[in-house]
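**Q** give me the fold of what follows.
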Amino acid sequence: MTRRLAALAALLALSAFLASCGAKGTDGLAGPRATVPPVPTLAATPDARSSPVEALAPEGAAVEKVLYGRLLPGDGEQIVVHSSRQISVKDEECPDRQDYLQLFAFDAAFREWKPVFQANRWPSAAGPLIPDREESGNDCERYDVLETVDLANIEQDDELHELVLAILTSPDGGKKDVPGPLLLKVLSFRSGAPEVIYDEATASGGAARLLPDGRVELEQSTFPPESGPLWKGRCCGNGSLTEVIGWDAEYGQVNVLESSTDLYCRHGAVDEVKDAALIVTCDADGGRRFTGYRLTDETRVLPAELGGPAGLRVGQEVSVSVAEPLELNEDWELEPVATEVRVLNEAQASHGQP
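**A** Numbers count the residues shown, from 1 in each chain. Okay, here's the model as predicted:
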């Protein structure tokens, strides 16, 4: 029994010795310890800001603007690419720029950035937001110029951004001397697919910009009714409307939060007097402007010696006061009523003109 225990102890000692030798590396009797290489792991989403965006733009298009942000649920940022290319058009007054707008998300399965939104394919290839004019063959019959592209955290309940777009469209009826409507759209991708959560079209032209607080400011011209005596044409708005658009917590949606209206020519020269209406012209915002006013039996014309509205003449310098507040009618038209017209240079008026 004692002999068996001694043999067992010797065997255990030998095993421990061999193990210790092997642990020392190549000099051990058991040889080097085998090492298992680590299993490579793939990052869920690479850094969007280090990706080469030029390769994402359509062939022949130059990158105009790149935005990075989280628009889709999940980790990582997406890439918004605005690009354009020059195209041949038959009409010199028609823009020769074709715009493209794409949103790219990283596809982990294919390990590449793939477009999840393309303005020339959405909402459908047959009726896209920004048509490809060369593909459609409509050189200048319809054109769309992307004026504004920005990201805004309008809902402000998480870190997801919305896509803010302002698109200047071609005027109706093929007119080239006036801008067409400006389309303002706010798109949300929170559901994983594009959804328009705010949509507004101006009467003619306008400008949109992102404010520092994440809200959107839209400026546009106002117009009187086309059938009325104050109308001077689509070229000539009578004032300006400024709207601030953002998240309306009371209604749980994007809405107009602030609105203000002003007239271009409260002070200027008489351009026309007709049908109980006064048209005043002035230089404003770098161009010639017109504002028409309704004249009523209660409109005061000063000095009183002029004898009321009948004493107004083309060329007189005037200052006009109006009934406040200025409000658009249900058709978004502005028809101000003059409460007082003060003539400032009666001596220089053109009395010989109608």
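
**Q** now do the buried residues in stretch 250-264.
**A** Using 16 or more other CB atoms under 10 Å as the test for burial, stretch 250-264 gives Val254, Thr261, Leu263, Tyr264. C-beta here means a position set from N, CA and C on the backbone, and glycine is covered the same way.

**Q** do the same with stretch 196-209
**A** Residues of stretch 196-209 classed as buried under the neighbour-count rule (16+ other CB under 10 Å) are Ile197, Tyr198, Glu200, Thr202, Ala203, Ser204, Gly205, Gly206, Ala208.

**Q** just the ones of those in strands?
**A** Ile197, Tyr198, Glu200, Ala208 (DSSP state E).

**Q** beta-bridge partners for the last one, please?
**A** Okay, so that is Ala208. Leu218 (DSSP bridges).

**Q** how about the contacts made by it?
**A** With contacts defined as CB atoms under 8 Å, 6 or more residues apart in numbering, Ala208 is in contact with Glu147, Thr148, Val164, Ala166, Leu182, Leu184, Val216, Glu217, Leu218, Glu219.

**Q** ok, 6 Å please
**A** Counting by CB atoms under 6 Å, 6 or more residues apart in numbering, Ala208 makes contact with Thr148, Ala166, Leu184, Leu218.

**Q** show me the helices in the chain, by range?
**A** Using DSSP state H, the helices of the chain run over residues 2-23, 133-136.

**Q** which of those helices comes out lowest on mean pLDDT?
**A** Ranked by mean pLDDT, those bottom out at helix 2-23, with a mean of 50.

**Q** let me see the domain layout of this protein.
**A** Here the domain parsing of the chain from automatic domain parsing is 53-214, 267-348.

**Q** quick one, which of the ones you listed is nearest to Gly228?
**A** In terms of CB to CB, the element of the domains of the chain nearest to Gly228 is domain 267-348, at 6.6 Å.

**Q** that closest one: how far from the chain's middle?
**A** Relative to its chain's centre, domain 267-348 lies at 35 Å (CA atoms, centre = their mean, to the nearest Å).

**Q** and Leu320, what is it in contact with?
**A** Not quite, residue 320 is Val, not Leu. Arg266, Tyr293, Ala338, Val341.

**Q** repeat for Asp248
**A** Asn255.

**Q** please apply the same query to Leu146.
**A** Per CB under 6 Å, 6+ apart, neighbours of Leu146: Asp99, Ile167.

**Q** can you check the one 3 residues further on too?
**A** Val149 makes contacts with Lys65, His82, as judged by CB under 6 Å, 6+ apart.

**Q** report pLDDT for Ala30.
**A** So Ala30 comes in at 44 (pLDDT).

**Q** does Asp275 touch Pro229 like I think?
**A** Yes. Taking contacts as CB atoms under 6 Å, Asp275 lies within contact range of Pro229: 4.3 Å.

**Q** which one is the spatially most central residue of the chain nearest to, not counting chain neighbours?
**A** Compute the mean C-alpha point of the chain, and by CA atoms, centre = their mean the closest residue is Leu165, 2.7 Å away. Leaving aside its sequence neighbours, Leu165 sits nearest to Lys185 (CB to CB, 6 or more residues apart in numbering; 4.8 Å).

**Q** show me what that neighbour is bridged to.
**A** Beta-bridge partners of Lys185, counted by DSSP bridges, are Leu165, Asp199.

**Q** how about Ser259?
**A** Counting by DSSP bridges, the residues bridging with Ser259 are Glu243.

**Q** looking at it now. What's its pLDDT?
**A** In this prediction Ser259 is given a pLDDT of 97.

**Q** the closest residue in space to Asp107 that isn't next to it in sequence and Val216, how far apart?
**A** Nearest residue to Asp107 in three dimensions, chain neighbours excluded: Lys114, at 4.6 Å (CB to CB, 6+ apart). Taking CB to CB, to the nearest Å as the criterion, Lys114 is separated from Val216 by 28 Å.
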